[in-house]
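Asks: when you get a sec, could you give me coordinates for this:
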Amino acid sequence: MKQAVITAPKSIEIRETAVPEIKPNEVLVKVKACGICTFEQRFYKGVQQAYPFLGGHEICGVIEKVGARVANDVKPGDVVVVASLTRCGECHFCRKGMDHLCINAGEKSEPGDFWGPGGFSEYMVAKGYEVYKVASDLDYALGTVAEPLACVIRSIQKANLKFGDTAVVLGAGIMGLLHVKLAKLQGTRVIVSEPDAARRKKALESGADYVFNPFDEGLEKEVKSLTQGRGAEAVFFTAGGTSAVEQGIRLLAKGGTIVLYGSIHPAAPISINPNDVHYDEIVITGAIKHTKESFREAAALLSQGLVNVKDLISERIPFEKVEYAFERALSPDTYRVVLLF
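Replies: Take a look at the predicted model:
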């Protein structure tokens, strides 16, 4: 089978390797589509350098083989999405019900070893608990959105939104737009802060009620005006750096929650007035990965057509053109570029 390997910054090789054998608790998946996420782009750009890296964690495919001890109700031919997040089930955090933070998830590498989720391959092995059956007629490219959608579901749920609340989304890349779409499903008024005009337009098309340029307009003044001076019940940080996080905190109403969904590279401290937390009881929290439940919910949303993600697939590119696909994924005019097998 063919498998793409990132070997150095801006260098991808397609190698031939044997189709992997499965263990009794595993399934073999014929990969049909795989998205190129920011995670893989960091290795391609050299921001993170741990090579050789087997990228690809937004995966949709078809079950090829099922191990004898797999309890999941899947069979050859089923269309599945893959939550490629290993959970040991034995560490402190797994036992506390926080298995998305498993310390044995295999996310670190040894120098020279091939490592990574491995979705940029014609076939991949997954644990039985890592695959979720979806509608047989689901577009494979749309199925790749299950992984980021599952992560955003957790982010939305951590804000505990109520009908009629106001939410501010900082950034209108694909993660920001997924926040917009899910927040609207929760009966929320959504305000988007985004400096790029084309992305502000896209946010409106995705359901945002208001969009503002944080550099040209008084975002804090506008949010206060729209909320009778209270501020927003929830703020979701998806992009914009430390200044955006600090601004997001100032946008909160009393008792409001800011969810730091996006990461900041390189990491840098932010300034917080502790009295804002004390007197206004604001909550500052984060969301990093999906859980088994949020992935199940994402698979259901996509299977039942309850959230439209078709507009977020910017380009579909054959696997053989993987380097070109990465270059397109880096372009700011794309949301998600998907490799097709």
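
Asks: could you pull out the helices for the protein?
Replies: All helices of the chain, identified by DSSP state H, fall at 38-45, 92-95, 140-143, 146-158, 174-185, 197-205, 219-226, 241-250, 274-280, 292-303, 322-330.

Asks: so who does the residue nearest to residue 84 when sequence neighbours are not counted touch?
Replies: Excluding the flanking residues, the one nearest residue 84 by CB to CB, 6 or more residues apart in numbering is residue 117, at 4.1 Å. C-beta here means a position set from N, CA and C on the backbone, and glycine is covered the same way. By CB atoms under 8 Å, 6 or more residues apart in numbering, the contact set of residue 117 is 54-57, 59, 84.

Asks: ok, 10 Å please
Replies: 34, 37, 39-40, 53-59, 82, 84-86, 106-107, 124, 126, 147 (CB atoms under 10 Å, 6 or more residues apart in numbering).

Asks: which ones among those residues are found in strands?
Replies: 34, 58-59, 82, 124, 126 (DSSP state E).

Asks: residue 232 against residue 209, yeah?
Replies: No: between residue 232 and residue 209 there is no contact under CB atoms under 10 Å: 11.9 Å.

Asks: more neighbours, those two?
Replies: Neighbours were counted for residue 232 and for residue 209 using other CB atoms under 10 Å; residue 232 has more, 27 against 17.

Asks: and that one, what is it in contact with?
Replies: Listed by CB under 10 Å, 6+ apart, the contact set of residue 232 reads 159, 165-169, 188-191, 223-224, 226, 248, 251-253, 256-258.

Asks: tell me the centre residue of this structure?
Replies: Nearest to the geometric centre of the chain sits residue 148, at 2.6 Å (CA atoms, centre = their mean).

Asks: OK, contacts around that one?
Replies: Contacts of residue 148 (CB under 10 Å, 6+ apart): 35, 37-38, 57-58, 174-175, 178, 290, 298, 309, 312, 336.

Asks: against residue 276, how distant is it?
Replies: 31 Å (CB to CB, to the nearest Å).

Asks: return the closest of the contacts of residue 148 with respect to residue 48.
Replies: Sorting the contacts of residue 148 by how near they are to residue 48, with CB to CB, puts residue 38 at the top with 10.8 Å.

Asks: quick one, what contacts that closest one?
Replies: 45, 47, 148, 173-175, 239, 262-263, 265, 329-330.

Asks: lovely, talk soon.
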